[in-house]
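J.: sequence? don't have it. structure:
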């Protein structure tokens, strides 16, 4: 059983395009996250949603817009893609964002390449 | 600003030896610290959590220490095996604050 799943696994696209990455978790967790891991392997949080509500929005261009239709799903839409958006994007979930149970369960990642 | 450093980008050790990885932080007061393992092409996987009032935690061949005075955590893998080769990330957390990951240390255990 896949706990946190993401689609697609790989995404290659041209600059200026709009693309979406989907994420689903079947762990019953309340909180979901999007992280970006760049070429230097730094893993940086982008967004956090708790029960479909945005609770963290780091300094991310507004071309990135997360959407949470329900607490099991958190999709990431990116407008007007730029070369610097190339990275691996990880979705994650945790049981509770405000306790020490926010152990993160990560998806397999989506490698985005912008040409 | 918050800063997390992990001792080195890469660490090579001989099979059977103990690997020791370091995580140092500044400008942060974590309530807990976690260690994750990341294999190439995969997402990080949780290994251990240690709280600020705990000095040491163990799980099988893994041991983590947490010194809030030194602002440091040490992560030990005893009797290391080639299968332990991966990147290890430390992460700091506190209630109501962002969860922050370190840059990771790539461990290679040589047979």
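T.: Happy to help now that I have it. Worth saying up front: this structure is predicted, and the values here are computed from it rather than measured.
J.: Quick one: neighbours of the nearest residue to residue B:14 once chain neighbours are set aside, just the number.
T.: Nearest non-adjacent residue to residue B:14, counting by Cβ to Cβ, 6 or more residues apart in numbering or on different chains: residue B:110, 5.6 Å away. (Glycine included, C-beta is placed from N, CA and C.) Around residue B:110 sit 11 other residues, with neighbours defined as other Cβ atoms under 10 Å in any protein chain shown.
J.: How about residue B:92?
T.: 23.
J.: Now the element after the one helix or strand it maps to, going C-ward?
T.: According to DSSP states H and E, residue B:92 maps onto strand B:86-93. Counting by DSSP H and E, the element after strand B:86-93 in chain order, helix or strand, is strand B:100-101.
J.: That next one pairs with which strands, and in what direction?
T.: Pairing partners of strand B:100-101, with direction, according to DSSP bridges: strand B:86-93 (antiparallel).
J.: need the contact list for residue B:75.
T.: For residue B:75, the residues meeting the contact criterion (Cβ atoms under 8 Å, 6 or more residues apart in numbering or on different chains) are B:20-23, B:35, B:48, B:62-64, B:88, B:90.
J.: Do I have it right that the residue nearest to residue B:14 meets residue B:11?
T.: No. Contact status for residue B:110 versus residue B:11: not in contact, 10.9 Å apart, counting by Cβ atoms under 8 Å.
J.: Go through the contacts of residue B:75 and say which is closest to chain A.
T.: Using Cβ to the nearest Cβ, residue B:48 is the member of those that lies nearest chain A, at 10.0 Å.
J.: got the contact list for the strand holding residue B:92?
T.: Counting by Cβ under 8 Å, 6+ apart, the neighbours of strand B:86-93 from elsewhere in the structure are A:41, A:43, A:100, A:102, A:104, B:2, B:4, B:6, B:21, B:23, B:25, B:28, B:30-39, B:44, B:47, B:73, B:75, B:99-107.
J.: Identify the residue of chain A closest to chain B, quick one.
T.: With distances taken as Cβ to the nearest Cβ, chain A approaches chain B most closely at residue A:106, which sits 3.0 Å away.
J.: Count the residues that sit near that residue.
T.: The criterion is other Cβ under 10 Å. On that basis, residue A:106 has 22 neighbouring residues.
J.: repeat for residue A:25
T.: Residue A:25: 23 surrounding residues under other Cβ under 10 Å.
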